[in-house]
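Enquirer: could you look at this predicted model? Sequence included:
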Amino acid sequence: MCYINGVRITLAEFIAYKQQEKELKALMASLNLNEIRKGFDYTEWPIIQPTFDGKDWNIVPMEWGFLPSYLKNREAVKNFRNGYKNTEGKWIPGMTTLNFIGEELLQKPMYKEAALNRRCLVISTGFFEHRHLPVMGKRGKPLATPEKFPYHITVKDRPYFFFPGIYNPWVDKESGEVVNTFCFGTTEANSLMQQIHNSKNRMPVILTKELAEEWTEPNLSTERIVEISTYKIPANQMQANLVPKNFLEQADPTTSCKDERVPDLIYD
């Protein structure tokens, strides 16, 4: 879920996050300020990476899609993500590691060490999710396949916000290439997201500024890591707007639209 994310912020807004100026050349090289990215493209994303002492931070490009260290090369990565047939001809399904489930973060061996030692922040100015609504057939019964309607979802009065992330520096053992890879957390849907992401009832973990600061601190207890990675933002702090089904083809994918077939959302 939440496999389409956006970053649309000004440089001044981002620098203001810490009230200090960073290396602007490196910042501009790694941060494209008007991008909508799809997770399954496995592209680079600007990530806030704290120093090990937690006293400073850097913004670095990381590949969206956490990769475990045991994968030997890009061919192994492709098989890991897309699936493959083993030597006996059995199909081994691929794994999606764009998000982690906050409730299970420390229970997954692939993620646990990163959760304890390599936490980061993922920048967002809004993400996209699809609402599933039943389609009635000729006999008055709902068809098996629902119709999907996309929404652009933001946080009120916050031009940008943060997801809790974890990262792993993956090494291609053939080429020597080193790539930082990441994923971010999801939790149970609040009352607004239950209406939108009604197929799975999940949502990204959207942190308050205070929780974002705490997430980047070293030596967090395991209890606190789980608490932060399952934080659920109140529904009344969010805003969701219906967008065209072909929103990715629009000049501005976030432009809202109307559709009389879609019931209004209820905000608690």
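Expert: Yep, it's here. Note that the coordinates shown come from a computational prediction; the quantities given were computed from them, not determined experimentally.

Enquirer: now R224: how far from K108?
Expert: Distance, R224 to K108, using C-beta to C-beta, to the nearest Å: 18 Å. Every C-beta, even on glycine, is put in place using the N, C-alpha and C of the backbone.

Enquirer: S124 too?
Expert: Using C-beta to C-beta, S124 is found at 23 Å from K108.

Enquirer: same question, L192
Expert: 28 Å.

Enquirer: got the end-to-end distance for stretch 130-144?
Expert: The first and last residues of stretch 130-144 sit 17 Å apart, counting by C-alpha to C-alpha, to the nearest Å.

Enquirer: higher neighbour count, L192 and K108?
Expert: The residue with more neighbours, out of L192 and K108, is L192; 23 against 13, by other C-beta atoms under 10 Å.

Enquirer: can you tell me the helix or strand for that one?
Expert: When secondary structure is defined using DSSP states H and E, the element that contains L192 is helix 191-196.

Enquirer: list the buried residues in that helix.
Expert: Taking 16 or more other C-beta atoms under 10 Å as the neighbour-count basis, helix 191-196 is seen to contain the buried residues 192-193, 195-196.

Enquirer: got the residues you listed as a markdown table, with distance to I233 and pLDDT columns?
Expert: A markdown table is the format used below for those (distance: C-beta to C-beta, whole Å; pLDDT from 0 to 100):
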| residue | distance to I233 | pLDDT |
| --- | --- | --- |
| L192 | 9 | 96 |
| M193 | 9 | 96 |
| Q195 | 15 | 96 |
| I196 | 14 | 96 |
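
Enquirer: and these, which is closest to K148?
Expert: I196 (10.8 Å; C-beta to C-beta).

Enquirer: contacts only, for that closest one.
Expert: When contacts are counted by C-beta atoms under 8 Å, 6 or more residues apart in numbering, I196 touches 129-131, 151, 153, 240, 265.

Enquirer: in helices, which of those fall?
Expert: Residues from the contacts of I196 lying in helices, with DSSP state H as the criterion: none.

Enquirer: which of those sit farthest apart?
Expert: Going by C-beta to C-beta, the pair spanning these furthest: H130 and L265, at 13.7 Å.

Enquirer: please save the CA atoms from the helix holding L192 in PDB.
Expert: The C-alpha trace of helix 191-196 is given here as PDB (Å, rounded to 0.1, in the frame of the first residue of the first chain):
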ATOM      1  CA  SER A 191     -11.400   6.300  10.200                       C
ATOM      2  CA  LEU A 192     -10.700   8.400   7.000                       C
ATOM      3  CA  MET A 193      -8.300   5.900   5.500                       C
ATOM      4  CA  GLN A 194     -10.700   3.000   6.300                       C
ATOM      5  CA  GLN A 195     -13.000   4.600   3.700                       C
ATOM      6  CA  ILE A 196     -10.300   5.100   1.100                       C
END
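
Enquirer: name the residues that touch the following helix or strand past that helix?
Expert: The helix or strand immediately downstream of helix 191-196 is strand 202-204, counting by DSSP H and E. Contacts with strand 202-204, where a contact means C-beta under 8 Å, 6+ apart, come from 1-2, 99, 101, 124, 127, 129, 163, 184-190, 193, 197, 232.

Enquirer: pairing partners for strand 202-204, with directions?
Expert: Strand 202-204 has its sheet partners listed here by DSSP bridges as strand 178-188 (antiparallel).
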